[in-house]
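J.: One predicted model, sequence on top.
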Amino acid sequence: MSTTPTTTNPDRAAALSALLAGYETTRRTILREPHGTDLDAARRAERLALVSARITGAWRLIAAHAVTDHTIPAVFLRAAVIAEGDARDDARFWRDTAADWRARAEGRPTSDAAGALSNWHELGVTA
């Protein structure tokens, strides 16, 4: 195993940048889609959860690249790790939101964290 720092691979960086840009474009497109019914909102949130999970993976790849490429300053590794965590949180939020919208669409109680989305009152559910 070589301990010599690797050189920056511009092709890898360009590919990862393009991957992230594509996911961000997809995310913005989904956010603009109409979501009039509960089921539409559930499907939209499910798609946002999926693209957020893919963004998480892209940031994970970027962080892994930064760990192995010693020419990349540590601050960029830290930024990639933070961005990965933020994307993971976004994916979790959209998964939970999708589950609540789907529950509303199916007439089931939403999670207790649904807030304004909660349908407990409509269903006569108490804590």
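T.: On my side now, so go ahead.
J.: okay, CA-based contacts and neighbour counts for the rest of this
T.: Will do.
J.: which residue packs closest to the residue positioned nearest the centre of the chain, ignoring adjacent ones?
T.: Nearest to the geometric centre of the chain sits residue 52, at 2.0 Å (Cα atoms, centre = their mean). Spatially, and ignoring its direct neighbours in sequence, residue 52 is nearest to residue 91 (4.8 Å; Cα to Cα, 6 or more residues apart in numbering).
J.: Any idea how many residues pack against the one you found?
T.: A count of nearby residues for residue 91, using other Cα atoms under 10 Å, gives 24.
J.: so the residue nearest to the centre of the chain makes contact with residue 86?
T.: No. Using Cα atoms under 8 Å, residue 52 is not in contact with residue 86, being 9.4 Å away.
J.: in the chain, which helix or strand is least confident?
T.: Counting by mean pLDDT, DSSP states H and E, the weakest-scoring helix or strand in the chain turns out to be helix 120-123, with a mean of 64.
J.: need the helices for the protein, in chain order.
T.: For the chain, the helices defined by DSSP state H occupy 10-32, 38-68, 74-105, 120-123.
J.: Distance to residue 111 added to the ones you listed, as a markdown table?
T.: Below are the helices of the chain laid out as a markdown table (distance: least, Cα to Cα, whole Å):
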| stretch | distance to residue 111 |
| --- | --- |
| helix 10-32 | 23 |
| helix 38-68 | 14 |
| helix 74-105 | 6 |
| helix 120-123 | 9 |
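J.: ok, back up a step: and the gap between the residue nearest to the centre of the chain and residue 25?
T.: To residue 25, residue 52 is 12 Å away according to Cα to Cα, to the nearest Å.
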